[in-house]
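Asks: Following is a predicted model, sequence given first.
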Amino acid sequence: MKKSMIFLFLVCNLSVHSQNEKTLDTVAVRILDRMADFIGGLNAVSFTATIAQDVEDSKYGLVKEFSENQVYMVGPDKMHVQVDGTYGHKGYWYNGESLVYYSFDENNYSVVDAPGDIVSMMDSIHRNFEIEFPAADVFFPDFVDLLLESFDHIEYLGEKEVDGLKCFHIMAVNESSNVQLWISNDAFFLPQRFLIVHKDEDYKQYLVNFTNWEVNPGLPVEMFSFEPPPNAKNIAIMATKSF
């Protein structure tokens, strides 16, 4: 995948600045750099991202919604994601030339031309169709730089356990957001949990648990091309979707 690759779209804006004096824990920064270096050197990866997020409801206020995302990536131009959650069962296929959206529930699909690499494709699809692919932040090539630039305090909080795995716990705080990462304390330094708390939005939360990591798996190229199921309807123009 290399350092030019981003798996999924950013789910929050990390460009909020504060005039407060910065306090950066060098241990936390080294751990973050180690994670970024490992992810940046991958050629392929697969994992499961289980997401719980708060969304605004006009009647009830914040409501928790869930999804399970199966992600398969081969850099720089192959991606397949399957999502099952509040908004149904969906699939996305990207083969370096086009992106396909398919609704398993409705048996319809859309195909759009896409740029030749994952980063450009995601930017284009987001701008044109407002599709957001969750759990992207920690895989963004400049993630650590964005944290250092945008957050006033970054601190290592010690070693914690996530699903029985020892992890480094890191927190970044600014005026509007609290971001926490749990990174595996092993040879891989992979993220195991990621939390965003939006302090300026009634403390709305976005939580991702990463499981089933496969590093540099042998993924067949055929899995990144879409074959319409029987009786599937091509809806021609991709409607605005999110998952």
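Replies: Done, it's in.

Asks: so where is the protein shaky, pLDDT-wise?
Replies: 1-20, 134-136, 237-243 (pLDDT under 70).

Asks: Can you show me the strands along it?
Replies: 23-24, 44-57, 61-74, 78-85, 88-94, 98-103, 108-113, 153-162, 165-173, 177-184, 191-198, 204-215, 233-234 (DSSP state E).

Asks: Tell me which of those sits nearest to residue 137.
Replies: strand 191-198 (6.9 Å; C-beta to C-beta). In this view, the C-beta of every residue, glycine as well, is placed from N, C-alpha and C.

Asks: Out of the strands of the chain, which gets nearest to residue 37?
Replies: strand 177-184 (12.1 Å).

Asks: quick one, the closest one and strand 191-198 angle?
Replies: 170 degrees (axes from the mean of the first three to the mean of the last three C-alpha atoms, to 10 degrees).

Asks: List the neighbouring strands of strand 177-184 plus their orientation.
Replies: strand 165-173 (antiparallel), strand 191-198 (antiparallel) (DSSP bridges).

Asks: orientation of the shortest one relative to strand 44-57 in degrees?
Replies: What that stands for is strand 191-198. Going by the same axes, to 10 degrees, strand 191-198 makes 20 degrees with strand 44-57.

Asks: Residues contacting the helix ranked longest in the chain, please?
Replies: Counting by DSSP state H, the longest helix found in the chain is helix 26-40. Helix 26-40 is touched from outside by 1-3, 5, 138-139, 141, 143-144, 147-148, 154-156, 168, 170, 181, 183, 188-191, with contacts defined as C-beta atoms under 8 Å, 6 or more residues apart in numbering.

Asks: And stretch 28-45, what's buried?
Replies: Residues 28-29, 31-32, 35-36, 38-40, 42, 44-45 are the ones in stretch 28-45 that count as buried (16 or more other C-beta atoms under 10 Å).

Asks: Pull the contacting residues for residue 168.
Replies: Contacts of residue 168 by C-beta under 8 Å, 6+ apart are 31, 156, 159, 182-185.

Asks: Now the buried members of those.
Replies: The neighbour-count test (16+ other C-beta under 10 Å) marks 31, 156, 182-185 as buried among the contacts of residue 168.

Asks: Good, we can wrap up now.
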